[in-house]
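> I need the structure of the sequence given here:
(one chain, ligands or ions: 1)
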Amino acid sequence: MTASSYQHLLADMTLQEKISQLVQLAGPFFKGSTETGHITGPMAEMPITENHIINAGSVLGVSGAAEVRSIQKKHLEQNRLGIPLLFMADIIHGYKTIFPVPLAIGCSWDLKLAKRSAEIAARESSVSGVHVTFAPMVDLVRDPRWGRVMESTGEDSYLNSAFGRAFVEGFQGNDLTNNLESVAACVKHFAAYGAAEGGRDYNTVDMSERELRESYLPAYKAALDAGCEMVMTAFNTVDGIPATGNKELMRDLLREEWGFDGVLISDWGAVKELIPHGVAENEKEAALKALTAGVDIEMMTECYVQHLESLVAEGLLKIELIDEAVLRILALKEKLGLFENPFRGADIELEKEIVGHADHRQAAKELAAKSTVLLKNNKQTLPLDKQAKVALIGPFAESNDLLGPWSALGAREEAVTLRQAFEQIRPVNTFTVAEGSSIDQVSKEQIAQALAAAADADVVVMALGESSNMSGEACSRTNIQLPAPQIELLQAVAALKKPVVTILFNGRPLDITNVVSHSDAVLEAWFPGSEGGNALVDLLFGEINPSGKLSMSFPSNVGQVPVYYNHFNTGRPKGAPDAQVHYVSQYLDAPNKPLFPFGFGLSYTHFNYEELKLSSVELSPGSSIQATITVTNSGDVSGEEIVQLYIRDIAGEIVRPMKELKDFARLALAPGESKEISFSITEEQLRYHHKDLSFKSDPGAFELFIGSSSEHTFSQSFILLKEGGQSK
Ligand code: BGC
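Numbers count the residues shown, from 1 in each chain. The predicted model follows:
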């Protein structure tokens, strides 16, 4: 079908049929082979008629080849024009094979594996009937109180952009029409949802347009430049206007300026939420505002269904706006090949073969291992001696709550727990297991059992953390420490003075000051997914060397939040050579620096950095200079190092961050091996948004840093010459 044939189809559609295309309903409205249709709760109150369902445009949250095929078949039998349904779902970090949560994937800095994880998620979900996934989420996150930081790859816009691209490429592949193992991606939440005030979910976002463009928008743009087919709005306000009714964001920026012509969908219920936000008095006004501002599909509320028709009849809404939205939806259906093959990838037989395939589990294990960050390793406590007697203690010792929020069809009982992974590779008499405490409760008996389990062990592995329902949507916290009972347990065990290795399972950076002080080694495992236990046991015993680096800072105290590496300097920086003792920018009771900075992560080996060289100390626009450094593995095991390149503009028109990530590379080094790595620096990398929002660089002095984290770097200075070769 061509664009002109959509026009044809459009010409045949009644206004009600058109409006129905703009409505997304959840599975319970549709009756499939397994009687999905069973509407309860607030959904039962929705004024949705049989007619709306017959004409509906898309379905939310249904998967399974048989179910999808059955719903689609019935739909096509009833739908007058034979327009197929689009099936959308939240396939965020895997479908059945669950990968680590996105924040963990961010810590892998491994774009290839990230892309692979999305390819696998697409493969498994497409064969199960899904056409569109509500991913990637690329919201920039700086506040770990916000429960949804686990859905993002972290606090850096360059890194988030790189991962956004990788995920889109992985989900969509090169040919959505013919590659039945792909799904369309939907980047979210547009825009700046990650900056919710106080880290409280759904809360206000307010920032300058300059900062919005500089830090928050690039990752959405990167996903769209990679061909992302859809965009989802955000729940928050941006500069006083809810994103879902924000014409400047959607029509002016997204459509006009960026040229996006794909489908825009509201977040769940966000059109109707324009009322409590306080920009619409009723549903009718909410519908008018959302559609006028650019929302094509209303997810899960009825403002469009109920009011668009009368808005058109009363001349308040131009029919052209509805037509454009319908055309975009039809175009996506066509691109997915649904007019020719409405069942697309949904294949009952293949589904059994592909979903949860062993190769997919292997990829999940690899990514879980690469996403784990070694935060502390005193006296080489890790890796463990293969003969060591281990006590495995804590609520995660045998918990299968390893998948994290948004795990689609991931079955907890199919996740490999730490205990199971130990059992697979270790004789039973070499380890003991005790729960020690639950997530948020501990008893004297539990502690006594834990101490007994630890009694004749050589080393204790504490498996602690947050349960998966403590992070994710609507799970903001003001206390970001581990629940107190787990600290009590850790302290009791640490008092035995045996070596203590703590593995943390959590969805946000936590204040782990008191975990670190009572542990000899700390591994941040996040929610590692289906293969978590296997990956962790390989890391514990040194079969795999940890190589993850934090993509979000760990505060040393919740009062520091937001604490992120690419902050501005102040006029009174702490620690400057002429800094006073008192009147400087600091806290009286805590350091300024986070406990663990962005980019930080240890290895079982050691990497030496030497000789940072620049090919020239002058950079002319249109040319490049090379920054070269030699990295040596000076330890006695192989390892991978993520070498990071940062730049600081010393004096700009606008204050520039202390450091900004501009490039990175993963280097694999055998013991004793050295490699020289070169990064190219060009004028384009030095551009930023000026006061008038122009995107350009400032000639003058720059500092370049290369190192193993945002804090551990070597530096050199260079000058960006003006066009024509003069210095500033
Ligand atoms: C979330 C989105 C999600 C949508 C559909 C909303 O509550 O904010 O991220 O895609 O639900 O499930």
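
> need the contact list for the residue sitting nearest the centre point of the chain.
The residue lying closest to the centre of the chain (C-alpha atoms, centre = their mean) is Ser152, at 2.2 Å. Contact partners of Ser152, counting by C-beta atoms under 8 Å, 6 or more residues apart in numbering, are Pro102, Leu103, Gly106, Met137, Val138, Asp139, Leu140, Val141, Asn160, Gly194. C-beta here means a position set from N, CA and C on the backbone, and glycine is covered the same way.

> helix/strand/coil for the closest residue to it other than its chain neighbours?
Among residues not flanking Ser152 along the chain, Val141 sits closest, at 4.6 Å (C-beta to C-beta, 6 or more residues apart in numbering). Under DSSP: H, G, I helix; E, B strand; the rest coil, Val141 falls in the coil class.

> run a quick neighbour tally on Val141.
31 (other C-beta atoms under 10 Å).

> contact partners for it?
Counted by C-beta under 8 Å, 6+ apart, Val141 has contacts Leu103, Arg148, Val149, Ser152, Gly154, Glu155, Gly194, Met552.

> now for the residues you listed: which two are most distant?
Arg148 and Glu155 (13.4 Å; C-beta to C-beta).

> SS state for the residue of the stretch 251-400 of the chain found nearest the ligand?
Residue nearest to the ligand within the stretch 251-400 of the chain (C-beta to the nearest ligand atom): Trp268, separated by 3.7 Å. What three-state DSSP gives for Trp268 is coil.

> same question for Arg80.
Under three-state DSSP, Arg80 comes out as coil.

> name the residues of stretch 325-335 that are buried.
Ala325, Val326, Leu327, Arg328, Ile329, Leu330, Ala331, Leu332, Lys333, Glu334 (16 or more other C-beta atoms under 10 Å).

> give me phi/psi at the fifth one?
To tie it back to what came earlier, the one meant is Ile329. phi -70, psi -40 (degrees, to the nearest 10).

> excluding sequence neighbours, find me the nearest residue to it.
Distances taken as C-beta to C-beta, 6+ apart place Gln21 nearest to Ile329, at 5.2 Å, with adjacent residues excluded.

> hmm, Leu330 and the one you found touching each other?
Yes. Between Gln21 and Leu330 there is a contact at 7.5 Å, judged by C-beta atoms under 8 Å.

> shared neighbours of those two, which are they?
Common neighbours of Gln21 and Leu330 (C-beta under 8 Å, 6+ apart) are Ile83.

> which ones among the buried residues of stretch 325-335 are found in helices?
Counting by DSSP state H, these place Ala325, Val326, Leu327, Arg328, Ile329, Leu330, Ala331, Leu332, Lys333, Glu334 in helices.

> read off the pLDDT value for the residue nearest to Ser152.
What the model reports as pLDDT for Val141 is 98.

> would you mind measuring the gap between the ends of stretch 506-518?
Across its full length, stretch 506-518 reaches 18 Å between end residues, using C-alpha to C-alpha, to the nearest Å.

> right, I mislabeled it, should have said stretch 628-645
Stretch 628-645 end-to-end distance (C-alpha to C-alpha) = 10 Å.

> just the buried positions in it, please.
Across stretch 628-645, burial judged by 16+ other C-beta under 10 Å covers Ile629, Val631, Thr632, Asn633, Gly635, Gly639, Glu640, Glu641, Ile642, Val643, Gln644, Leu645.

> so who does the closest residue to Ser603 other than its chain neighbours touch?
The shortest distance from Ser603 to any residue other than its chain neighbours is 4.5 Å, reached at Gly639 (C-beta to C-beta, 6+ apart). Gly639 makes contact with Asn545, Ser547, Ser603, Tyr604, Thr605, Phe607, Asn633, Ala668, Leu669, according to C-beta under 8 Å, 6+ apart.

> of all those residues, which comes closest to the ligand?
Among the contacts of Gly639, and counting by C-beta to the nearest ligand atom, the member closest to the ligand is Ser547, at 29.8 Å.

> got the residues of this protein near the ligand?
Proximity of the chain to the ligand is confined to Asp90, Phe134, Lys188, Asp267, Trp268, Glu473 under the rule C-beta under 6 Å from any ligand atom.

> okay if I get those as a markdown table plus pLDDT?
Output for the residues of the chain next to the ligand, formatted as a markdown table (pLDDT from 0 to 100):
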| residue | pLDDT |
| --- | --- |
| Asp90 | 98 |
| Phe134 | 98 |
| Lys188 | 98 |
| Asp267 | 98 |
| Trp268 | 97 |
| Glu473 | 98 |
